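Trainee: Using only what follows, build the 3D model:
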Amino acid sequence: MSKKEHLHHLASLLARHATIFRCPVCGGAMNMAGERSLSCTAGHLFDLSRDGYVHLLPNAKPGKYEKELFAARRLINDAGYFDLLLEHLFSVINGNMRPGPADALALLDAGCGEGSHVSALQARLESAMNQDIVAVGADLSKPGIVTAAKRNARAIWVVADLARSPFRDQAFDVVTNILSPSNYGEFRRLLKPNGMLAKVVPGPEYLREFRQFLYGERARRTKAAENTAALFAKHFPDMKQRRVRYEAELEPHHLEAMLRMTPLSWQATEEQVRGLLARSSFRLTFDFYILWGKPFIG
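Mentor: Next up is the predicted model:
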């Protein structure tokens, strides 16, 4: 698809689903203004980027994430290291959501990064439900959203502050939040009454070999996952959870990308990193909890 075709497709997609947005400046309803802009009732105007996304983050400041980080994440995701996690996440969503025959299911990935996960979920859900999935990926990072938009023209990509997200109340059937900070108040606001939040958090053994090699950490880390689950259950009292744990042998050319994309490497010395990268093979543990629930209707 050419860039012109990409933009035309995005404009058409936004025109059909502009009502999911609210203005990030004044909170007003939004609609298409011409072929290439979103506008609210107060006249605040937001143009579609030539790269195929919408920037809805006023007064944006440079973030700490760089293009290299998202390139590493894309490489790892394309290689399939998270496929088993995504299959379980798809199973959880598919088992809990049944949109009506005339409806498209609206899915928001809050903190989508470079978009791999929500793109995979969109494809799986459309195949299983034989129905359109309106997939929206939102992130603070412009480089992440640019990367996502260039790869998937069938989703809506938005640079946005998820603490004050530019979406109307009850806009989504499903919100996913994968290895990313949460704002439960916003998630409850954004979900339809029968919608669901699905959050993925690291389990106690996630990337434990990296921790052991770099820092000598051998103790199981359980408190973080427990605390997150307790906070989730406070906002979504019907919370359920599933643990997904597996191991994978890293290809040599994937080892550096996996290391660079995790905060575990950010405090390591260059000597420690070089020592790890010198390994000819590396078996790594992937350990996650999927937490899910529906808004509490009191």
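
Trainee: give me phi/psi at the spatially most central residue of the chain?
Mentor: The centroid of the chain falls nearest to residue 112 when counting by C-alpha atoms, centre = their mean (2.5 Å). Residue 112 adopts backbone torsions of phi -80, psi -10, taken as degrees, to the nearest 10.

Trainee: In space, what's closest to it - neighbours in sequence excluded?
Mentor: residue 137 (3.4 Å; C-beta to C-beta, 6 or more residues apart in numbering). C-beta here means a position set from N, CA and C on the backbone, and glycine is covered the same way.

Trainee: go on, residue 118?
Mentor: residue 109 (3.6 Å).

Trainee: what kind of secondary structure is the one you found in?
Mentor: strand (DSSP: H, G, I helix; E, B strand; the rest coil).

Trainee: Quick check: beta-bridge partners of it?
Mentor: On the basis of DSSP bridges, residue 109 is bridged to residue 137, residue 176.

Trainee: What separation is there between it and residue 139?
Mentor: Distance of residue 109 to residue 139, given as C-beta to C-beta, to the nearest Å: 8 Å.

Trainee: what's the answer for residue 75, then?
Mentor: 18 Å.

Trainee: before we move on, what about residue 233?
Mentor: 26 Å.

Trainee: ok, and the nearest residue to residue 265 once chain neighbours are set aside, which helix or strand is that part of?
Mentor: Nearest residue to residue 265, sequence neighbours excluded (C-beta to C-beta, 6+ apart): residue 259, at 4.8 Å. For residue 259, the host element (DSSP states H and E) is helix 252-260.

Trainee: The chain: helices as residue ranges?
Mentor: Secondary structure of the chain, counting by DSSP state H: helices at 3-17, 67-78, 83-96, 116-129, 142-151, 184-190, 208-215, 223-235, 252-260, 270-277.

Trainee: Would you mind putting the CA coordinates of the second one into PDB?
Mentor: The C-alpha trace of helix 67-78 is given here as PDB (Å, rounded to 0.1, in the frame of the first residue of the first chain):
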ATOM      1  CA  LYS A  67      13.600   4.400  17.700                       C
ATOM      2  CA  GLU A  68      16.300   1.800  18.500                       C
ATOM      3  CA  LEU A  69      14.300   0.500  21.400                       C
ATOM      4  CA  PHE A  70      11.200   0.000  19.200                       C
ATOM      5  CA  ALA A  71      13.200  -1.500  16.400                       C
ATOM      6  CA  ALA A  72      14.400  -4.100  19.000                       C
ATOM      7  CA  ARG A  73      10.900  -4.800  20.200                       C
ATOM      8  CA  ARG A  74       9.700  -5.200  16.600                       C
ATOM      9  CA  LEU A  75      12.500  -7.700  15.900                       C
ATOM     10  CA  ILE A  76      11.700  -9.800  19.000                       C
ATOM     11  CA  ASN A  77       7.900  -9.700  18.400                       C
ATOM     12  CA  ASP A  78       8.300 -10.600  14.700                       C
END
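
Trainee: Now do that helix and helix 142-151, the angle between them.
Mentor: 40 degrees (axes from the mean of the first three to the mean of the last three C-alpha atoms, to 10 degrees).

Trainee: re the thing from before, could you say which one of the helices of the chain comes nearest to residue 51?
Mentor: Nearest to residue 51 among these is helix 142-151 (5.1 Å), distances taken as C-beta to C-beta.

Trainee: From the contact counts, what lies against that closest one?
Mentor: Helix 142-151 makes packing contacts with helix 67-78, helix 116-129, strand 133-139, strand 156-159 when contacts are defined by 3 or more C-beta pairs under 8 Å, 6 or more residues apart in numbering; DSSP states H and E.

Trainee: give me that answer again for 10 Å
Mentor: On a contact count with 3 or more C-beta pairs under 10 Å, 6 or more residues apart in numbering; DSSP states H and E, helix 142-151 meets helix 3-17, strand 54-55, helix 67-78, helix 116-129, strand 133-139, strand 156-159.
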